[in-house]
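*Asks:* Show me how the following folds:
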Amino acid sequence: MNSHNPPIEGLEVHHLTLHEDNRGWFKENWAGQKLSPRQQNVSFNARRGATRGMHAEPWDKWVSVATGRVFGAWVDMREGSPTYGEKFTCEIGPDTAVFVPRGVANGFQALEDATTYIYLVNQRYSPGGAFCSYREIDWPLTPTELSEKDLSHPMLCDAVPLPPRRILVTGADGQLGRALRKVWTDAEAHFIGHAEFDITRPPELDWSGYWAIVNCAAYNDVNGAENDRAGAWRVNADAPAKLASISNAHDLTLVHVSSDYIFDGALEVHDEAETASPLSAYGASKAAGDTAAQVARRHYVVRTSWVFGEGKNFMATMADLAQRGVSPKVVCDQRGRPTYAEDLAKGIAHLLATGAEYGVYNISSDGDAATRDEIAMAVYIAMGCDPSDVHPVTTEQYGAEFGAEAPRPRESTLALDKIKATGFAPSNWRAALALYVALR
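*Replies:* This is a model prediction of the structure:
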């Protein structure tokens, strides 16, 4: 087979430069390609013919040799892989390295006595994986020194494939988490609620079963954060830092949801390059979490605003008031663009599915920017009620009558140019509102 074009998707053969002289040779065996190592293993094989395999563990490998030569062999055992069942073999000497993706069964045979096989992996060893028989491979030498386990592995037709990794969704009982359940199946994502997964004290998990974390959990009580700053900081700032550390340790992609409240609202439109300038304790905690999440090598920090979906939110409150015939007073000097939870969920799924460049992205629904009282009027219209029942007041007037609230940005509109450039088009918030009210 052509070693430069393996038939197994994702498997790569790399040529390494050997620097030889009278002393022997020197090589740079790995230089940052493909994986972030968590463990290095060495397999010494005393006699030629010694054969090991076929093991498909739930991690990536970077394999080569330190001494001697081996005949390397691989079988794709990834459930759902377009190249499932494909096989590939090639000789590995000191000048060759092979990247083996997670779920591709790996095996080798020593072609010389005293052969030292070396490999890096991006997860610490843990039991598990998929296995098939060494008999699937046409070895150049008669296999010897086989372990009892290797002798007992089934043929590929009877083997259990390795299931694909999933996305861990934290805070899955909130508005965004519920919207993501409509985007991903349980086979694609593991949805876990606040009670099951405390992001401030992440439980021990087998992270080899995941490829991404989407953090939907947050402390969202803007006013309460003023008196519970430690609680807000613990959830919104410290926890994302812990998730970023986990993501780096296990080569995961971290998606963290941030907020327009990290800005003071001095600009009419906030783009991704703007420096945080929070007004409130809540905003400060979200700004810190925004920064902490960016420590993850593979991160999407998604800033959003005024989310409405399945759960408690401004739109739902206004719809209930309209239905009850209440004439509310709503602030008229805070402007932004609402975000339908389904738009936010689809935008996050789009970033992960397309492998967009890592970084910070604004995601809200599209359409005109509107003040809170204008949005309330739109809800009343959608409910078939009189929009004039909504009475505009300033933030100061509202505070004087109902009690001072935590400071909020006057301008919360987020620029959408960057996310649109990736090919994602959010819906117009007015159309989304009409759909949301119709489905209530």
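*Asks:* Please tell me how far Gly129 sits from Leu11.
*Replies:* Per CB to CB, to the nearest Å, Gly129 is found 17 Å from Leu11. Bear in mind the C-beta positions are built from the backbone N, C-alpha and C, glycine included.
*Asks:* so where's the chain shaky on pLDDT?
*Replies:* 1-4 (pLDDT under 70).
*Asks:* where do the helices sit along it?
*Replies:* 148-152, 175-180, 229-233, 239-249, 281-293, 314-323, 341-354, 372-382, 395-402, 417-421, 429-439 (DSSP state H).
*Asks:* So for Asp389, which of the ones you listed sits nearest?
*Replies:* Asp389 sits nearest to helix 372-382 of all the helices of the chain, at 6.1 Å, using CB to CB.
*Asks:* Tell me how far Ser36 lies from Val98.
*Replies:* Taken as CB to CB, the span from Ser36 to Val98 is 17 Å.
*Asks:* er, Gln109 I mean
*Replies:* For Gln109 relative to Val98 (CB to CB), the value is 14 Å.
*Asks:* ok, these two, which is more surrounded?
*Replies:* More crowded of Gln109 and Val98, by other CB atoms under 10 Å: Gln109, with 27 against 23.
*Asks:* The more buried one and Ala130, how far apart?
*Replies:* 20 Å.
*Asks:* Ok, Gly399 next?
*Replies:* 61 Å.
*Asks:* ditto for Trp207
*Replies:* 18 Å.
*Asks:* repeat for His391
*Replies:* 64 Å.
*Asks:* Which one's more surrounded, the two?
*Replies:* Ala130 (23 against 12).
*Asks:* Is that one bridged to anything, and to what?
*Replies:* Ala56 (DSSP bridges).
*Asks:* let's have the chain start at 43 instead
*Replies:* Understood, numbering begins at 43; the last thing we discussed is Ala172.
*Asks:* ok, it - contacts?
*Replies:* Shown in contact with Ala172 (CB atoms under 8 Å, 6 or more residues apart in numbering): 98, 119, 145, 147, 201-204.
*Asks:* now do 6 Å
*Replies:* Contact analysis of Ala172 by CB atoms under 6 Å, 6 or more residues apart in numbering lists 98, 119, 202-204.
*Asks:* Dump those into TSV; add distance to Asn290 and neighbour count as well.
*Replies:* Converted to TSV, these look like this (distance: CB to CB, whole Å; neighbours: other CB atoms under 10 Å):
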residue	distance to Asn290	neighbour count
Ala98	25	25
Met119	27	23
Val202	31	12
Pro203	29	19
Leu204	24	24
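*Asks:* want to throw those residues into CSV with distance to Thr242?
*Replies:* Formatted as CSV, those follow (distance: CB to CB, whole Å):
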residue, distance to Thr242
Ala98, 35
Met119, 37
Val202, 37
Pro203, 36
Leu204, 32
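*Asks:* can you tell me which residues contact Trp249?
*Replies:* His292.
*Asks:* Okay, it and Cys174: tell me how far apart.
*Replies:* Trp249 is 25 Å from Cys174, by CB to CB.
*Asks:* swap in Thr464?
*Replies:* From Thr464 to Cys174 the distance is 39 Å (CB to CB).
*Asks:* which one of these two has more residues nearby?
*Replies:* Cys174 (25 against 14).
*Asks:* Pro203 is in contact with that one, correct?
*Replies:* No: in this structure Cys174 lies outside contact range of Pro203 using CB atoms under 6 Å: 9.4 Å.
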